[in-house]
Structure formats: structure tokens, C-alpha cells
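K.L.:
Okay, sequence plus prediction incoming.
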Amino acid sequence: MAGKVDTIAEEFGIRFIPSAGRIEGRHQSKARRTCQKLLKNHGPEHLRLVLGLMNSKKNRGNWTAPAISAVSWLVLNKPTIKERRDFLDLFDRLNLAELLRNAKQVNPTAPTATMRVVLTYELERMIMEQKKEKAA
């Protein structure tokens with residue numbers, strides 16, 4: 001399993017480092033266990049989708065376990081958002097690092113669960129904003 005998750009991560013330029021290590025570049029991550037869990041529970045295509053969504057110019061380098069888990073949760077649990085034609089454009093406008101900072105401020109003891117809520121809220125806010133602009 002470890003070899004497979006590393007191979008998939010390498011497709012996105014991600015190198016896993018030990019959890020006690022210090023991240024020194026945009027392509028390093030300590031989230032190997034999170035990615036292994038996604039691979040085991042949801043398969044390689046799901047992991048590729050999650051990492052691919054996060055691999056935008058703005059978000060590349062935010063390979064944290066809370067961010068990866070939140071994006072995975074969104075893809076699995078919010079099909080009405082994921083199936084929108086403009087989903088990729090909306091997602092590319094997100095700043096995952098900022099959302100994670102907000103999640104940690106709101107609830108420092110549960111950043112992953114809070115990140116799911118913050119991420120969903122922000123996407124829904126963007127969708128409502130678009131609807132208002134079209135109605136105007």
C-alpha cells in the first residue's frame with residue numbers, strides 16, 4: 001500500500017516526509033497515512049481526484065491531512081456541488097491554506113472536522129454569490 005500511495009503522490013509532485021520532519025518545500029507532505037486511508041477506503045481514482053483538485057497554482061503545497069481529508073469528504077458527501085459544471089472553476093478560486101487557518105482558529109482541537117464545514121460553507125457562499133450576480 002505504501003508504494004502505491006507514494007506512486008500516486010508522485011504523479012502530483014508530492015513527496016512524503018516523516019511526520020517528525022520539517023516541511024521545507026511546496027511539494028512535501030506529512031499526510032502519507034491520510035492518503036493511505038483514502039486509497040484503502042475509496043480507491044486510487046478518488047485519491048487522484050482529491051490531489052488533482054488541490055494541485056492548483058493557488059493551493060499546491062497545502063498537502064496537509066486536514067485539507068486532504070476535507071476535500072475528500074466534500075467530494076464524497078456533496079454531490080450537488082461536485083457535479084456542477086463550474087465546480088473546477090469554483091474550487092480553483094478557493095484558498096485552502098486560508099480556510100485551514102480559519103478552521104484552526106474556530107476549533108483548534110478538531111481542525112479536520114472544522115475544515116470540512118468551512119470548505120463546504122465557502123463553496124456554497126460562492127455559489128450563492130454567483131446566483132445573485134446572475135439575477136442582478
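P.N.:
On my side now, so go ahead. Numbering: from 1, shown residues only.
K.L.:
Okay, now the unreliable bits of this structure?
P.N.:
1-2 (pLDDT under 70).
K.L.:
For it, just list every one of the helices.
P.N.:
Counting by DSSP state H, the chain has helices at residues 2-11, 32-42, 44-54, 65-77, 79-82, 87-93, 96-106, 111-135.
K.L.:
Identify each buried residue in the last one, please.
P.N.:
Residues of helix 111-135 classed as buried under the neighbour-count rule (16 or more other C-beta atoms under 10 Å) are 111-112, 114-120, 122-123, 126-127. In short, each C-beta sits where N, CA and C put it, glycine included.
K.L.:
and what of the second one?
P.N.:
Judged by neighbour count (16+ other C-beta under 10 Å), helix 32-42 contains these buried residues: R32, T34, C35, Q36, K37, L38, L39.
K.L.:
quick revisit: I'd like the helices of the chain laid out as TSV, including distance to I23.
P.N.:
Formatted as TSV, those follow (distance: least, C-beta to C-beta, whole Å):
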stretch	distance to I23
helix 2-11	14
helix 32-42	13
helix 44-54	15
helix 65-77	12
helix 79-82	29
helix 87-93	23
helix 96-106	12
helix 111-135	16
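K.L.:
what number of residues lie near F87?
P.N.:
18 (other C-beta atoms under 10 Å).
K.L.:
follow-up on the earlier one: in TSV: the buried residues of helix 32-42, plus distance to L100.
P.N.:
Shown next, in TSV, are the buried residues of helix 32-42 (distance: C-beta to C-beta, whole Å):
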residue	distance to L100
R32	18
T34	14
C35	17
Q36	21
K37	19
L38	17
L39	22
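K.L.:
Relative to R15, which of those is nearest.
P.N.:
R32 (9.9 Å; C-beta to C-beta).
K.L.:
Pretty sure that closest one sits against G21.
P.N.:
No - if you go by C-beta atoms under 8 Å, R32 and G21 don't touch, sitting 11.1 Å apart.
K.L.:
Just list the residues touching R60, thanks.
P.N.:
Counting by C-beta atoms under 8 Å, 6 or more residues apart in numbering, R60 touches G13, R26, H27, M54.
K.L.:
Perfect, I'm done here.
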